[in-house]
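> Next one to model:
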Amino acid sequence: MTPMASGRDALITGIGLISCLGEGEAAHLAALDAFTPVIDETSFAPYPVHPMTTLAMDTQIPKRGDQRQMDSWQRYGVYAAGLALDSAKAKGDTALLERMDMIVAAGGGERDYAVDAAILGALPKAGDPDLYLNEHLLADIRPTLFLAQLSNLLAGNISIVHGVIGSSRTFMGEEASGADALHIACARIEAGQSEICLAGGSFNAQRPDAFLHDAMGHAMWRGGFAPVWSRAVLGGGGILGSVACFLVIESRDHAQARGATPKARIAGVRTDRCNRAPGAATANAARQFAVLGGAAAASAVISGSTGGSGITAEEKAFVDGLGLPVRAANTAIGNAVEASFPAAVALAAMCIARGRLFPPLEPAETPFDGTPAGLFVTGWGLWRGEAAALLRPAEENGRG
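The predicted model follows:
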């Protein structure tokens, strides 16, 4: 039986999503309904990447000075945050923005490639590699450059550009940080510690250091585009994507009081991590899904699978065991690390709001033509972190 509505329900009232598929809800749903991969196979060959769509930055970051002092990942995040505020009809509402909380998932920023190349090139020839590394990290990396790359500057720039000045938190930690951002936002709303929150993350995949990190761990897919589940069969490998996604999440009472139209309800978010011993991630996911209501609570799964070797095959076996249709979001937009889980939740909320799942993205996915009563979202990180969320319609029978 569906429980009665609670004034503390966590509702998504605004979505800001940008990726290779475009910007905003309509562009993403249209692209997924008639899916054709948007992929760059030459710029970082042999590694493909899903490039960011062309953005008119002035529409969300009007001051050129603000744009110039940000790196790409910060501009993407500020842009997506602006879209989310527009979607929630909160842009420019000073009284609302002054008490809007913010939780950001972000990495450590972008690098000085010339310095990195010089250090990496000379390190193997150094008589004392440890001493050489310490000396040159101290001498060659300018303190001002380092400070300009701090991950919490994304939150600062959102505050400067859009006026969101409630409490602020920034999480680091690959894919798990994006899941934790939403988890904490919902927990604070449900506990009465927050009424409205802007939560999400940003990732720029189109930079050499992003590929260097994953390639050194043999985690990247080489060659032409292949969908997530097809890659798993062939040994796995991630394809990165430039993505930024922010969600406005607020309590039911707060949304109703200001006349906001909710898109979906986040019925639960669970996060955990393990040492990735065989079956450990599956055990985490099984516990999370049991708490969220099991397979009976949803009609389909939107997976945030990275496509990485080993873990993708394990996740595929787990979600197949649920007996529900599955869609791998990263087939379309790529692995966006910190932004991956918020983006997958955003896609699920869009589908809930319109009452229809998008078609299969590859032959391994089965059709689903009904109205989804709920959607599960998974987010297994490439290296660590397992997360699950359940999204349901904002208004249900038995819920006011």
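
> give me the number of residues near Thr286?
For residue 286 the amino acid is Ala, not Thr. 16 (other Cβ atoms under 10 Å). (Each C-beta comes from the backbone N, C-alpha and C, glycine too.)

> show me what contacts it?
Neighbour list for Ala286: Phe318 [criterion: Cβ atoms under 8 Å, 6 or more residues apart in numbering].

> and it, what element?
For Ala286, the element it lies in under DSSP states H and E is helix 280-292.

> before we move on, what SS does Asn134 have?
helix (DSSP: H, G, I helix; E, B strand; the rest coil).

> follow-up on the earlier one: show the subsequent helix or strand relative to the helix holding Ala286.
strand 300-303.

> For that following strand, give the mean pLDDT please.
For strand 300-303, mean pLDDT is 98.

> contacts for it?
228, 315, 319, 322, 324-330, 344, 347-348, 351, 357, 368, 372, 375-378.

> ok, now stretch 226-239?
Under Cβ under 8 Å, 6+ apart, the answer for stretch 226-239 is 39, 47-50, 214, 219-222, 225, 303, 305-313, 316, 328, 330-331, 334-335, 361-362, 364-365, 382.

> Tell me which of those fall in helices.
For the contacts of stretch 226-239, the ones inside helices are Asp214, Ile311, Thr312, Ala313, Lys316, Asn330, Thr331, with DSSP state H as the criterion.

> which residues does the first one contact?
For Asp214, the contact set (Cβ under 8 Å, 6+ apart) comprises Met220, Gly238, Leu240, Leu382.

> Roughly how far does it sit from His50?
Distance, Asp214 to His50, by Cβ to Cβ, to the nearest Å: 14 Å.

> can you list the domain ranges for the chain.
As assigned by automatic domain parsing, the chain contains the domains 10-110+149-392, 113-148.

> Would you confirm that Leu29 belongs to a helix?
Yes: counting by three-state DSSP, Leu29 is part of a helix.

> wait, what's in contact with it?
Met350, Cys351, Arg354, Phe358.

> Please indicate which of the contacts of stretch 226-239 are buried?
39, 47-50, 214, 219-221, 225, 303, 305-309, 311-313, 316, 328, 330-331, 334-335, 361, 364-365, 382 (16 or more other Cβ atoms under 10 Å).

> sorry, back to before: out of the domains of the chain, which one sits most buried?
Among the domains of the chain, domain 10-110+149-392 has the highest mean neighbour count (mean count of other Cβ atoms under 10 Å), at a mean of 21.

> Do me a favour and get the end-to-end distance for that one?
Domain 10-110+149-392 stretches 11 Å from its first residue to its last (Cα to Cα, to the nearest Å).

> which residues in the stretch 101-250 of the chain form strands?
Secondary structure of the stretch 101-250 of the chain by DSSP state E, counting those that start in this stretch: the strands cover 101-105, 168-171, 196-203, 240-241, 243-251.

> Kindly apply the preceding question to the stretch 251-400 of the chain instead.
Along the stretch 251-400 of the chain, counting by DSSP E, counting those that start in this stretch, strands occupy 264-272, 300-303, 326-328, 375-378, 386-392.

> hmm, back to that, rebuild the strands of the stretch 101-250 of the chain as CSV, extending it with distance to Gly65 and mean pLDDT.
CSV is the format used below for the strands of the stretch 101-250 of the chain (distance: least, Cβ to Cβ, whole Å; pLDDT from 0 to 100):
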stretch, distance to Gly65, mean pLDDT
strand 101-105, 22, 97
strand 168-171, 22, 94
strand 196-203, 20, 98
strand 240-241, 29, 98
strand 243-251, 21, 98
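
> what's the closest of the ones you listed to Ser151?
Ser151 sits nearest to strand 168-171 of all the strands of the stretch 101-250 of the chain, at 5.4 Å, using Cβ to Cβ.

> how distant is that closest one from the center of its chain?
15 Å (Cα atoms, centre = their mean, to the nearest Å).

> Restricting to C-alpha, output it in CSV.
Below are the C-alpha coordinates for strand 168-171, written out as CSV (Å, rounded to 0.1, in the frame of the first residue of the first chain):
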residue,chain,number,x,y,z
SER,A,168,27.4,25.1,1.2
ARG,A,169,29.1,21.7,1.2
THR,A,170,31.5,20.3,-1.4
PHE,A,171,32.2,16.6,-1.7
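
> How confident was the prediction at Gln149?
Model confidence at Gln149, given as pLDDT, is 58.

> Who are the contact partners of Leu340?
Just to correct that, residue 340 is Ser rather than Leu. By Cβ under 8 Å, 6+ apart, the neighbours of Ser340 are Glu175, Gly178, Phe203, Val243, Gly304, Thr306, Ala329, Asn330, Gly379.

> Pull up the per-residue confidence for it.
Note on Ser340: pLDDT of 97.

> now do Ser6
The model's pLDDT for Ser6 equals 89.

> That one touches Ala267, doesn't it?
No: between Ser6 and Ala267 there is no contact under Cβ atoms under 8 Å: 10.8 Å.

> Skip the chain neighbours and tell me the closest residue to Gly7.
Spatial nearest neighbour of Gly7, chain neighbours left out: Asp253 (3.7 Å); criterion: Cβ to Cβ, 6 or more residues apart in numbering.
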